[in-house]
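Asker: Just to be clear, the model below is a prediction. Sequence and coordinates:
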Amino acid sequence: MSAQYVINVQNVEKSFKVYLDKGTTLKEKVLFKKRARYESRQILNGIDFQIPPGQAVGLIGKNGCGKSTILKLLSRIYKPNHGELSVEGRVSSLIELGAGFHPDMSGKENIYINASIFGLTREEIDAKMDDIIRFSELEEFINNPVRTYSSGMYMRLAFAVAINVNADVLLIDEILAVGDVSFQKKCFDRLLEIKDGGTTIVIVSHDMDQLYKICDRFIWIEDGQVKEDGEPRLIGNHYLDSMEEARLERLAQESREKFSQIGQEGNPEEDASRGGHTILELTEYVHPEARRFGTQEVYYTKVELLNKDGEPCQIFSTGDEVVLRCGYAAREARIRVNFNMDFVRDNWQYCYGSCFAKAGEPLPELEEEGWVKFHIQELMLLPGKYYLDIGINGVNGELYDNVRNILQITVREYAHNEFGPCTFTHDWTLE
């Protein structure tokens, strides 16, 4: 392995046997051999990455993608089926906190056992004992059997041992929610100290804010392979966008199932169809909470929400260009109408609305069909989830077509010093 890397993972594959039904006793194993049927499940499929000394790397990805498996391979709990991996120096793992603790032994005795698992000698443990106990804040309970500890106390002790072994490599798996709020902050601050001291850190967490504060680099794992590897904010945004797109697709599928079922049942109170024009015809990504009302003298036929490149999009950043393009049809030509749209926060807070014509202005006269476009040069909504409402009204306010919650859009999180649903062009100065 090159000396420039502390961790080197090359073409690593890992699979597991998943038993469909397995006998637990010798009798069952003899009499019911067919219960031993299993399928081989590939978790990692050719993983490659290298980590230099002192770098903090976050492994991100959806549940089951192989993040924890990678940590267990690095900590030598598992062996790969194929490929090579190597780790230089002493490794401390915060994967299964308290693994190896004996419930009948005291906290102090378990410190000796757990620290020795990490490779410390008795002399080294004696030298660190006071620091471990002080950090755990369990001084008055340290001589009590561990079985008498609460789950929070148990985790405190295990965490205190793991971060006091002067490791060259620290592996962390979803364990930063240890104890109460003050102790969590203490643990997080200690991790930052360890990082500043030159320890190489590999961490798995779904708390993106914590990862952004700790990590120099993200590795995004998907389908057992490295999908992206690079700067945390960039890779983090790509990952979150992917998760949000999957969520919106699930909502769209739920809508198709829901409105199709309503249409089959023909419930006049909840029917998705009014005059033969359905919500599902408007867009592929109808939200399940969508509702449609109106006489449909004039009605929407298609709804498109586009980004600056003219591509369908429901995920934006504050300041992005947005285009809402709606097809319409009228029962007869030369009807005068006013088009309108609204953004509503997902907590039902009204945020913004606009209509085609101002009060007192003549309303546009329509052809029998056409398109209307609403162009937002800069989206001034702050991060969050919002519903889009659209409507068509007549000269005297007649409700021709109104579709509430037709789409849900997401405005991405980003580092900012503003709060609420919207932003303004502004600056701060000292005078």
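Answerer: Perfect, thanks for sending it.
Asker: low-scoring pLDDT stretches of the protein, where are they?
Answerer: In the predicted model of the chain, residues 1-3, 20-36, 97-99, 175-179, 262-276, 414-416 satisfy pLDDT under 70.
Asker: Kindly recompute the last result at 80.
Answerer: Low-confidence segments of the chain (pLDDT under 80): 1-3, 18-39, 95-100, 151, 174-181, 260-277, 360, 413-417.
Asker: what about the helices in it?
Answerer: 26-31, 67-74, 107-117, 122-136, 151-162, 181-196, 208-214, 232-265 (DSSP state H).
Asker: could you dump those helices to CSV with distance to residue 48 and mean neighbour count?
Answerer: No exception for glycine: its C-beta is placed from N, CA and C like everyone else's. CSV is the format used below for those (distance: least, Cβ to Cβ, whole Å; neighbours: other Cβ atoms under 10 Å):
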stretch, distance to residue 48, mean neighbour count
helix 26-31, 39, 10
helix 67-74, 12, 22
helix 107-117, 29, 19
helix 122-136, 35, 15
helix 151-162, 28, 22
helix 181-196, 24, 14
helix 208-214, 21, 17
helix 232-265, 16, 15
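Asker: would you list those in TSV and tack on distance to residue 86?
Answerer: Formatted as TSV, the helices of the chain follow (distance: least, Cβ to Cβ, whole Å):
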stretch	distance to residue 86
helix 26-31	38
helix 67-74	9
helix 107-117	20
helix 122-136	24
helix 151-162	22
helix 181-196	22
helix 208-214	24
helix 232-265	25
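Asker: Would you mind saying which of these lies nearest residue 90?
Answerer: helix 122-136 (10.7 Å; Cβ to Cβ).
Asker: okay, that closest one in PDB with CA atoms only?
Answerer: Written as PDB, here are the backbone C-alpha positions of helix 122-136 (Å, rounded to 0.1, in the frame of the first residue of the first chain):
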ATOM      1  CA  ARG A 122      -2.900  -2.500  31.200                       C
ATOM      2  CA  GLU A 123      -0.400   0.300  31.800                       C
ATOM      3  CA  GLU A 124      -2.000   2.400  29.000                       C
ATOM      4  CA  ILE A 125      -5.500   1.800  30.400                       C
ATOM      5  CA  ASP A 126      -4.300   2.700  34.000                       C
ATOM      6  CA  ALA A 127      -2.900   6.000  32.600                       C
ATOM      7  CA  LYS A 128      -6.200   6.800  30.900                       C
ATOM      8  CA  MET A 129      -8.700   5.500  33.500                       C
ATOM      9  CA  ASP A 130      -9.300   8.900  35.100                       C
ATOM     10  CA  ASP A 131      -9.900  10.600  31.800                       C
ATOM     11  CA  ILE A 132     -12.300   7.900  30.700                       C
ATOM     12  CA  ILE A 133     -14.400   8.000  33.900                       C
ATOM     13  CA  ARG A 134     -14.400  11.800  33.900                       C
ATOM     14  CA  PHE A 135     -15.500  12.000  30.300                       C
ATOM     15  CA  SER A 136     -18.300   9.500  30.900                       C
END
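Asker: helices or strands next to that helix in the packing?
Answerer: Judged by 3 or more Cβ pairs under 8 Å, 6 or more residues apart in numbering; DSSP states H and E, the packing partners of helix 122-136 are helix 107-117, helix 151-162.
Asker: Of the helices of the chain, which is nearest residue 302?
Answerer: When the helices of the chain are compared for distance to residue 302 using Cβ to Cβ, the nearest one is helix 232-265, at 15.4 Å.
Asker: by contact count, what packs against that closest one?
Answerer: With contacts defined as 3+ Cβ pairs under 8 Å, 6+ apart, the secondary structure elements packing on helix 232-265 are strand 56-60, helix 208-214, strand 217-222, strand 225-230, strand 315-316, strand 399-411.
Asker: Paired strands for the last one, with orientation please.
Answerer: Counting by DSSP bridges, the strands paired with strand 399-411 are strand 291-293 (antiparallel), strand 315-316 (parallel), strand 384-394 (antiparallel).
Asker: Let me see the residues that make contact with the last one.
Answerer: Under the criterion Cβ atoms under 8 Å, 6 or more residues apart in numbering, residues 287, 289, 294, 297-300, 303, 305, 324, 326, 328, 335-346, 351, 399-411, 421 lie in contact with strand 384-394.
Asker: Mind checking which of those residues are buried?
Answerer: Taking 16 or more other Cβ atoms under 10 Å as the criterion, what is buried in the contacts of strand 384-394 is 287, 294, 297-300, 303, 305, 324, 326, 328, 335, 337-345, 351, 400-411, 421.
Asker: rewinding a little: can you put the helices and strands packed on helix 232-265 in a markdown table and add distance to residue 356?
Answerer: Below are the helices and strands packed on helix 232-265 laid out as a markdown table (distance: least, Cβ to Cβ, whole Å):
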| stretch | distance to residue 356 |
| --- | --- |
| strand 56-60 | 44 |
| helix 208-214 | 40 |
| strand 217-222 | 43 |
| strand 225-230 | 42 |
| strand 315-316 | 22 |
| strand 399-411 | 13 |
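Asker: Fine by me, we can end here.
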